[in-house]
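Q: predicted model and sequence below, questions to follow.
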Amino acid sequence: MSEARPKGDKGRGGFGRRQFLAGAGAVAGAATFTTAGKVARAATFPSGPVQLVVPFGTGGGSDRTMRLFAPYLAKELGQPVNVINIAGGGGWKAWAQMAQWDAEKDDHIVGTINLPHVLSMLDPRMKRKETLESFNFIAWHSLDPCIWAVREGDERFQTLRAFIDHVRANPNKVVMSTTAVGSDDHMGIAYAEKFVDGFKVQKVYANNDGKKIQEVIGGHTDAVGGNVGYYVPYMLDRKLRAICVLSADRSPNLPTVPTFEEVTGKKNISFAGRTFVLANGIAGEKQAVYLNAIKAAMSNPEYVMKENANRNPLEFKEGDELWTALREAEELVNAVKFWELEQ
């Protein structure tokens, strides 16, 4: 059975205001990882390979993170873990399937859901019937803050203040690369358009970070919204310059880059939050096997070091702590109402 799902709990486990304002034909890449298991588990479960579903194509931040994690999860489960990419609809091609997974037939599948991306379901234009309760969330994996970046050496702007001033002087002419409507990158831009006077940009939507980065480096767009972990290497190579972090505090990976709030006084906070889900109604013993394996894999020192090298902040949460964070993400999206800005 799934965990109880508290509504509105703002206990110490949540991020809080400080940090927030199956079709095979769909598979676009797979990788298999296996080794002997260590976690105490049900005698015959899992009884075969486990699928780890990523709701985006290969090459992005989520894909990179889960491919790195898969061998450590396989080690704990004692079974191969196959990373499966089901891309489309800003994640919804996969998430619609996850909401319908069968507790018996689909008990060898673990899904990944990104926040705030999945909350695009709140957009009335999507006409989706799902809610957070449509999914059996079992654990929060990581939280990667958003950043805005421009080309290194762009004479028009190398700071957030200069960028905002340029946008105000050229409304609807500056172009920003972002992922899908309702994604973390888009949410940060939508917040600025709603709460920063005179800030209005054009947006180009891409389905992966590699495409967005090439757009801005190649001069096809003026700035890009992304995440700290995936973008730091491009800053070290002096191809991109971060102009702000959309976080309550400066990132330890970019200590000289100010937060959006430092420059504007506005709490524009957005991030890629990655979570794990199982089929609704899955047996409690099976869910415990997965949860224990995820927890153990995330505690593996070798894995932690690799994620530190990737600058991807791990953020394990379960139970009430997990659901508090989910509710706060939902409140953020309802406050911004990005769909009103797209009409």
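A: Nice, thanks for sending it over.
Q: with adjacent residues omitted, what lies nearest to residue 57?
A: In space, and not counting its chain neighbours, residue 57 is closest to residue 87: 4.0 Å by Cβ to Cβ, 6 or more residues apart in numbering. Any C-beta I mention is one placed from the backbone N, CA and C, and that applies to glycine too.
Q: separation between the one you found and residue 72?
A: The gap separating residue 87 from residue 72 is 24 Å, by Cβ to Cβ, to the nearest Å.
Q: the stretch 101-250 of the chain: strands as residue ranges?
A: With DSSP state E, counting those that start in this stretch as the criterion, the stretch 101-250 of the chain has strands at 109-115, 136-151, 175-178, 202-205, 223-227, 240-246.
Q: of those, flag the one that's most buried.
A: Stretch with highest mean neighbour count among those: strand 223-227 (a mean of 27; mean count of other Cβ atoms under 10 Å).
Q: any idea how far residue 185 is from the residue nearest to residue 57?
A: 16 Å.
Q: of those two, who's got more company?
A: Neighbours were counted for residue 87 and for residue 185 using other Cβ atoms under 10 Å; residue 185 has more, 29 against 21.
Q: now that one, nearest residue through space, not along the chain?
A: Nearest residue to residue 185, sequence neighbours excluded (Cβ to Cβ, 6+ apart): residue 225, at 3.4 Å.
Q: wait, doesn't that neighbour sit right on residue 175?
A: No - if you go by Cβ atoms under 8 Å, residue 225 and residue 175 don't touch, sitting 11.7 Å apart.
Q: OK, contacts around residue 268?
A: Neighbouring residues of residue 268 by Cβ atoms under 8 Å, 6 or more residues apart in numbering: 21, 188, 191-192, 195, 246, 260-261.
Q: ok, those vs residue 209, which is closest?
A: Using Cβ to Cβ, residue 188 comes nearest to residue 209 of those, at 14.6 Å.
Q: residues in contact with the closest residue to residue 202 other than its chain neighbours?
A: Excluding its sequence neighbours, the residue lying closest to residue 202 (Cβ to Cβ, 6+ apart) is residue 175, at 4.6 Å. By Cβ under 8 Å, 6+ apart, the residues touching residue 175 are 201-204, 220-223.
Q: and what of residue 139?
A: 275-276, 291, 294-295, 316-318, 322.
Q: the nearest residue to residue 103 once chain neighbours are set aside in helix, strand or coil?
A: Distances taken as Cβ to Cβ, 6+ apart place residue 281 nearest to residue 103, at 3.9 Å, with adjacent residues excluded. State at residue 281, reduced to three classes by DSSP: H, G, I helix; E, B strand; the rest coil: coil.
Q: distance of residue 281 from residue 137?
A: Noted for residue 281: a distance of 14 Å to residue 137, by Cβ to Cβ.
Q: before we move on, what about residue 341?
A: Distance of residue 341 to residue 137, computed by Cβ to Cβ: 28 Å.
Q: could you measure from residue 219 over to residue 320?
A: Shown here: residue 219 relative to residue 320, a distance of 48 Å by Cβ to Cβ.
Q: more neighbours, these two?
A: Set residue 219 next to residue 320 and count neighbours by other Cβ under 10 Å: residue 320 wins out with 17 against 9.
Q: what values do phi and psi take at that one?
A: The phi and psi values for residue 320, taken as degrees, to the nearest 10, are phi -60, psi -40.
Q: got the domain boundaries for the chain?
A: Following automatic domain parsing, one gets these domains for the chain: 16-144+272-337, 145-264.
Q: mean pLDDT for these: which is lowest?
A: Per-stretch mean pLDDT for these is lowest at domain 16-144+272-337 (a mean of 87).
Q: where exactly do the helices run in the stretch 51-200 of the chain?
A: In the stretch 51-200 of the chain, the segments counted as helices under DSSP state H, counting those that start in this stretch are 61-77, 92-98, 160-169, 184-195.
Q: re earlier: determine which two of the contacts of residue 139 are furthest apart.
A: 275 and 295 (13.7 Å).
Q: these two: which is more packed in?
A: Per other Cβ under 10 Å, whichever of residue 275 and residue 295 has more neighbours is residue 275, with 23 against 14.
Q: what strands line up against the particular helix or strand that has the more buried one in it, and which way round?
A: Secondary structure assignment for residue 275, by DSSP states H and E: strand 271-278. In the sheet, strand 271-278 lines up against strand 109-115 (antiparallel), strand 136-151 (antiparallel) (DSSP bridges).
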